[in-house]
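K.L.:
generate a structure from the sequence data that follows.
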Amino acid sequence: MPKRILFVFTSADKTLTGAQTGWYLPEAAHPYYVLAPKYEIDFAAPKGANPPVDEGSVQMFAADKGFLEDPAVRQKLAAARPLAAVSAADYDAVFYPGGHGPMLDLASDPVNAQLASEFFRAGKVTAAVCHGPGALVGATDASGAPIVKGRTVTGFTDKEEELVGKVKDVPFLLESRLVALGGKFEKAAEPWQPAVRVDGILITGQNPASSKGVGEAIDKALSA
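P.N.:
Below you'll find the predicted structure:
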């Protein structure tokens, strides 16, 4: 039986300023195509079916539009289950693509916090890229401490948020929050450069350029 991975998408389609948002196209597409040949992948989101894609990411990453047109992907998006209907026990890993959306719903969703905590406490790969680590801020280990505490992590940096002019669109800055939770935050030397960090079962990537690397790290962890 192939191992199973749960991709958890955001259901949020608006930022705090009312701008359109959602999940970020390459951050789902690149890991998916690394992993889909070897693993069973299911999709889930807080509100279930057809989680919204960030329209700006579709325009910016036109080369990845095939993901949205892929019949298997379309079926998975249409069949995405609400988070309350999925169980960590059924999977070997969880992965959170970014986009600003996760900061607006997954970060504060108690159902998601419980789910992410269950993956981590069971020793299962817990992975996220860009703003995806925002979905992990409520997750705790068996002792009740944040799963990022004392662990090496990365994610969309405060500088990158400033550069895209989205500081007012999100309820908190991801880098600052991960540091406040005790995470050992590391980042690429320059904004937009890839950075992937693996600390045991916790796998994080900094930005869209890190997406394929996160997929490869998940594969390596599950193949070990």
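K.L.:
tell me how many other residues crowd Phe65.
P.N.:
For residue 65 the amino acid is Lys, not Phe. 13 (other C-beta atoms under 10 Å). In this view, the C-beta of every residue, glycine as well, is placed from N, C-alpha and C.
K.L.:
which strand or helix spans the residue nearest to it when sequence neighbours are not counted?
P.N.:
Leaving aside its chain neighbours, Lys65 sits nearest to Val58 (6.4 Å; criterion: C-beta to C-beta, 6 or more residues apart in numbering). Taking DSSP states H and E as the criterion, Val58 maps to helix 55-60.
K.L.:
dump that helix to CSV, keeping only the CA atoms.
P.N.:
These are the backbone C-alpha positions of helix 55-60, laid out as CSV (Å, rounded to 0.1, in the frame of the first residue of the first chain):
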residue,chain,number,x,y,z
GLU,A,55,-6.0,34.6,-8.5
GLY,A,56,-2.8,36.6,-8.4
SER,A,57,-0.8,33.4,-8.2
VAL,A,58,-2.5,32.0,-11.2
GLN,A,59,-1.5,35.1,-13.2
MET,A,60,2.0,35.2,-11.8
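K.L.:
in that helix, what's buried?
P.N.:
Within helix 55-60, the residues that count as buried by 16 or more other C-beta atoms under 10 Å are Gly56, Ser57, Val58.
K.L.:
which residues touch the second one?
P.N.:
By C-beta atoms under 8 Å, 6 or more residues apart in numbering, the contact list for Ser57 reads Gly22, Tyr24, Leu25, Pro26, Glu27, Gly99, Pro208.
K.L.:
same check, this time on the first one
P.N.:
Counting by C-beta under 8 Å, 6+ apart, Gly56 touches Gln20.
K.L.:
gap between Phe185 and Thr204?
P.N.:
Separation of Phe185 from Thr204 (C-beta to C-beta, to the nearest Å): 9 Å.
K.L.:
shared neighbours of these two, which are they?
P.N.:
Val153, Thr154, Gly155.
K.L.:
list just the nearest of those to Asp13.
P.N.:
Gly155 (21.3 Å; C-beta to C-beta).
K.L.:
I figured the closest one hits Ala135, correct?
P.N.:
No: contact criterion C-beta atoms under 8 Å: Gly155 and Ala135 do not qualify, at 10.3 Å.
K.L.:
shared neighbours of the two, anything?
P.N.:
Ala128.
K.L.:
where along the chain do the helices fall?
P.N.:
Assigned by DSSP state H, the chain shows helices spanning 25-35, 55-60, 66-69, 71-78, 101-104, 110-121, 158-163, 174-180, 211-223.
K.L.:
for those, which one ends up most surrounded?
P.N.:
Stretch with highest mean neighbour count among the helices of the chain: helix 101-104 (a mean of 30; mean count of other C-beta atoms under 10 Å).
K.L.:
need the contact partners of that one.
P.N.:
By C-beta under 8 Å, 6+ apart, helix 101-104 touches 9-16, 21-23, 51-52, 54, 96, 128, 131-132, 134-135, 170-172, 174.
K.L.:
can you pull the contacts of the residue nearest to Lys65?
P.N.:
So Val58 contacts Leu25, Lys65, Leu68 (C-beta under 8 Å, 6+ apart).
K.L.:
likewise Lys3?
P.N.:
Counting by C-beta under 8 Å, 6+ apart, Lys3 touches Lys38, Tyr39, Glu40, Asp92, Ala93, Leu222.
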